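What follows is a predicted structure for the sequence shown.
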Amino acid sequence: MKLENHLLAILESLHDAVIVVSKDCTVIYVNKAYTENFAVPKEKIEGKKLDQIEETSRILEVIRSGKPLLNDYSYVHSLGKHVCGNMTPLIDNGEMIGVVTIMKDISEVTKLEKELDKYIEYSNELRKQLNQKNFFLLKSEVPKMKTAVSLSQKVAETTATILLTGESGVGKEVFARAIHEASKRHEKPFVAINIASVPDSLFESELFGHVEGAFTGSRKGGKKGLLEAAHGGTLFLDEIGEMSLNAQAKLLRVIQEREYLKVGGTQPLPLDVRIICATHRNLNEEIKRGNFREDLFYRINVVPIEIPPLRERKADIPFLIDNILKDLSVKYMKHVAIDDDVIDVLKRYDWPGNVRELTNVIEQMIAVCTDSYFKVEDIPSRIRERKRFNEKENFFVNFEPTSRFNLDKGLQELLEQTEREAIMEVVKKTRTRSEAIKILGISRKAFYAKLKKYNVL
Ligand SMILES: Nc1ncnc2c1ncn2[C@@H]1O[C@H](COP(=O)(O)OP(=O)(O)OP(=O)(O)O)[C@@H](O)[C@H]1O
């Protein structure tokens, strides 16, 4: 068999499209696959000038340059297709006489690629939302809280040091985690340490770690410090206001120099940690009192974020309870609904312990609740009666005076209310129970019976 005789049949049997263009840009041949793949009848293209059909065709470039183009991607406007082809000059007696192109329709692949890009974009968006799940917990109706949240979201992507301030239990750590999870460091560790729990003598070794044999009793093989454990991630220094002046000087040096030495070590380690600090104290006051270094304050106070106490965002209580209940329903394997009247009572209380106290109260309620919904009676009496725990004097006191005479009540109830108030007043003003008993002029047994009756403990 002489191949030359069958050349045309071979070209016609190929699955890839073939187009041959002469040096003067005339299309002299297209194979069957070309006509089928691109739905162009032979007579519509053969004998036509390519530069008139597709003036930006890559084949024209090969005719001009005489150089092949391999695996070349282009969009053919006249066909409305994305193609990938190999374009090779045809040489006869050392002279270029035209170009042969073998090409594939890759429109489907291009379409899939575009689809894939969309999915990648969508999955990035979902990942972003997932990383913001802690920010979801911080959703709020209250302007002051909204400002704190939106500022945190804005600075999350930067590496700026943040100082979170707010009363104990407002959710400073929840904010710190949300910021970390929304930052570029989210795949690296988030390490939290409560400074108040670290004895001053151990501060350096806890934060920087130590090498083996650094001091008597030091750990064999040395110890990783928190800065090393949080490398590439975020270090949350809670209760920074409790730090001793000595420890403050050490922290300041590390922040300034961006490197640190392990205790007993000689090799400086680079500081690659985003620092978020938190305190319930007013650091400006602490500076005035000489308890906090001003230079350290300016270093950590790059972005100050103030989180309002729960009493200033009572509108958020239903949403917070929803989230707390979601967590607790898993722990207690129990779903409990909450009515508006229960929420109203909870909203009347001022929550000095903030979201932490609210969480504890809801947990207390879910533990004792026997129904599928909370009743007002399930609310601990001190909340119902709006009492606050007086840590100094170690008992609960009413912090909001109730109306002295509620005329809707019967005489018996009014007497009991007066007796209760009198007992509380005396208990509050005396240092010992014996002193209170003496002033009230009742027996010890009667005194304790009344404390129990009126829930004054
Ligand atoms: N928005 C919220 N949604 C659900 N739970 C929250 C929220 N904010 C705080 N909490 C819960 O309240 C408790 C106290 O929060 P967190 O520890 O973040 O407060 P804090 O301000 O850091 O307190 P402290 O100053 O005492 O360290 C935690 O159990 C936390 O899970």
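Received it, and whenever you're ready, just let me know what you need.

check contacts around the closest residue to the ligand within the stretch 101-250 of the chain.
Nearest to the ligand, among the residues of the stretch 101-250 of the chain, is Gly171, at 2.8 Å (C-beta to the nearest ligand atom). Where C-beta positions appear, they are placed from N, C-alpha and C, glycine not excepted. Gly171 is in contact with Leu137, Leu138, Ile307, Asn354, Val355, counting by C-beta atoms under 8 Å, 6 or more residues apart in numbering.

rerun at 6 Å
Residues in contact with Gly171 (C-beta atoms under 6 Å, 6 or more residues apart in numbering) are Val355.

Roughly how far does it sit from Ser140?
10 Å (C-beta to C-beta, to the nearest Å).

Tell me the residues of the stretch 251-400 of the chain that contact the ligand?
Residues of the stretch 251-400 of the chain lying close to the ligand by C-beta under 6 Å from any ligand atom are Ala278, His280, Leu320, Asn323, Ile324, Val355, Arg356, Thr359.

Low-confidence stretches in the chain?
Within the chain, the segments meeting pLDDT under 70 span 1, 3, 127-133, 214-220, 387-411, 456-457.

how does it divide into domains?
Following automatic domain parsing, one finds the domains of the chain at 3-107, 134-308, 309-384, 387-457.

Dump those to TSV, plus distance to Leu116.
Output for the domains of the chain, formatted as TSV (distance: least, C-beta to C-beta, whole Å):
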stretch	distance to Leu116
domain 3-107	14
domain 134-308	23
domain 309-384	35
domain 387-457	59
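
What's the local residue count around Val142?
Using other C-beta atoms under 10 Å, Val142 is surrounded by 14 other residues.

Over to Ile10?
By other C-beta under 10 Å, the residues close to Ile10 number 11.

quick one on the thing from earlier: what separates the residue of the stretch 101-250 of the chain closest to the ligand from Pro304, distance-wise?
16 Å.

circling back to that earlier point, phi, psi of the residue of the stretch 101-250 of the chain closest to the ligand?
phi 110, psi 30 (degrees, to the nearest 10).

again, but for Ser22
phi -80, psi 170.

give me the number of residues near the closest residue to it other than its chain neighbours?
Spatial nearest neighbour of Ser22, excluding adjacent residues (C-beta to C-beta, 6 or more residues apart in numbering): Gly98 at 4.2 Å. As a burial measure, Gly98 scores 21 neighbours (other C-beta under 10 Å).

ok, what's across the strand from Gly98?
Ser22, Leu90 (DSSP bridges).

Please look at it and Thr88 and confirm they touch.
No. Here Gly98 lies out of contact with Thr88, judged by C-beta atoms under 6 Å, at a distance of 10.0 Å.

Would you agree Thr161 is in contact with Ile300?
Yes. In this structure, Thr161 is within contact of Ile300 by C-beta under 6 Å, at 5.4 Å.

Who has more neighbours out of these two?
Ile300 (24 against 17).

before we move on, which element is the nearest residue to the more buried one once chain neighbours are set aside in?
With sequence-adjacent residues excluded and distances taken as C-beta to C-beta, 6+ apart, Ile300 is closest to Cys277, at 4.7 Å. Assigned by DSSP states H and E, Cys277 belongs to strand 274-279.

Partner strands of that strand and their direction?
strand 162-165 (parallel), strand 234-238 (parallel).
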